[in-house]
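Peer 1: Sequence plus the predicted model coming up.
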Amino acid sequence: MTGWMRFAGYALFLSAGLWGWSPRFHEQQTRLALSLAPRRLAQFLNAHPAELIQGARGQSSDQVPTVEEVEEQFSRIIDLTEQKRRPEALVREMGILAHQVQLLMDPSAIRGNTPLRDTFEAYGDEKLPRLVLSQEPFWAAKGPLDPRPQLLKWAGQKFERNRVLQTFFDDKAARRLGPWDNLSLPFAQLGLAYSNGIHATANLWILLWRAVGDQWLAQTEQNS
């Protein structure tokens, strides 16, 4: 059985019990981010599918991560690498990072569970088969290794999108306003959150790969 087949099996097993983006939504984003990763990085992550899924599926009382928390998780992976933690532990942390940055791109997720967030995320499951991955630049392939400028940019973009999305929702009545069909602005917001989250995940992984990937390979060889 290949690493990715094991990944898919664990995805089905762990596909219940999450608030926020559903496990299926996060898992599909993470799978597609993995398909964008450089070959050796993808092999490293694919070697531990259960751990990647465990991190990527999140927690049942999901709070929205701040820029600082995502930045802290990014630094945590570097620290754990330097502490020579086992590859499976590092892969789990990479899954947690994926989950966090995907939520950072969600325009409905400004604070904990709200009627808009619940509605938008149920809408995400409803429309998931229609969502597509667009092309975006791999900015992490070169330049500084600091993720903070991009995290701040994404957070600002998210708040702008939230303000627009709010005009299509009645908070008091907890119901949609106007059309939410495949030509609507909410659908466009959903498509952007989906694709941007996939690319953001892949880019942060690539940034980490550039920073400490040689140590991951060395640890893998030592443990093989």
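Peer 2: On my side now, so go ahead. Just so it is clear, the structure is predicted and the values come from calculations on it, not from any experiment.
Peer 1: distance of residue 214 from residue 179?
Peer 2: Residue 214 sits 51 Å away from residue 179 when distances are taken as C-beta to C-beta, to the nearest Å. From N, CA and C alone the C-beta is placed, and that goes for glycine too.
Peer 1: Equivalent analysis for residue 28, please.
Peer 2: With distances defined as C-beta to C-beta, the gap from residue 28 to residue 179 amounts to 25 Å.
Peer 1: for the closest residue to residue 141 other than its chain neighbours, phi and psi?
Peer 2: The shortest distance from residue 141 to any residue other than its chain neighbours is 6.2 Å, reached at residue 206 (C-beta to C-beta, 6 or more residues apart in numbering). Backbone geometry at residue 206, expressed as degrees, to the nearest 10, gives phi -60, psi -40.
Peer 1: My read is that residue 206 contacts residue 143, right?
Peer 2: No - checked against C-beta atoms under 8 Å, the pair residue 206 and residue 143 is beyond contact range at 11.1 Å.
Peer 1: Between the two, which is the more surrounded one?
Peer 2: Between residue 206 and residue 143, counted using other C-beta atoms under 10 Å, the more crowded position is residue 206 (21 against 10).
Peer 1: Show the contacting residues for that one.
Peer 2: Neighbouring residues of residue 206 by C-beta atoms under 8 Å, 6 or more residues apart in numbering: 37, 38, 41, 138, 140, 141.
Peer 1: quick one: which of the residues you listed sit in helices?
Peer 2: When DSSP state H defines the helices, the subset of the contacts of residue 206 inside them is residue 41.
Peer 1: nearest to residue 110, of the contacts of residue 206?
Peer 2: When those are ranked by distance to residue 110 (C-beta to C-beta), residue 140 comes first, at 25.8 Å.
Peer 1: number of nearby residues for the closest one?
Peer 2: 21.
Peer 1: Tell me which residues touch it, please.
Peer 2: The contact partners of residue 140, taken as C-beta under 8 Å, 6+ apart, are 202, 203, 204, 206, 207, 210.
Peer 1: Most neighbours among those residues, which one?
Peer 2: Looking at those with neighbours defined as other C-beta under 10 Å, the largest count falls to residue 202 at 26 neighbours.
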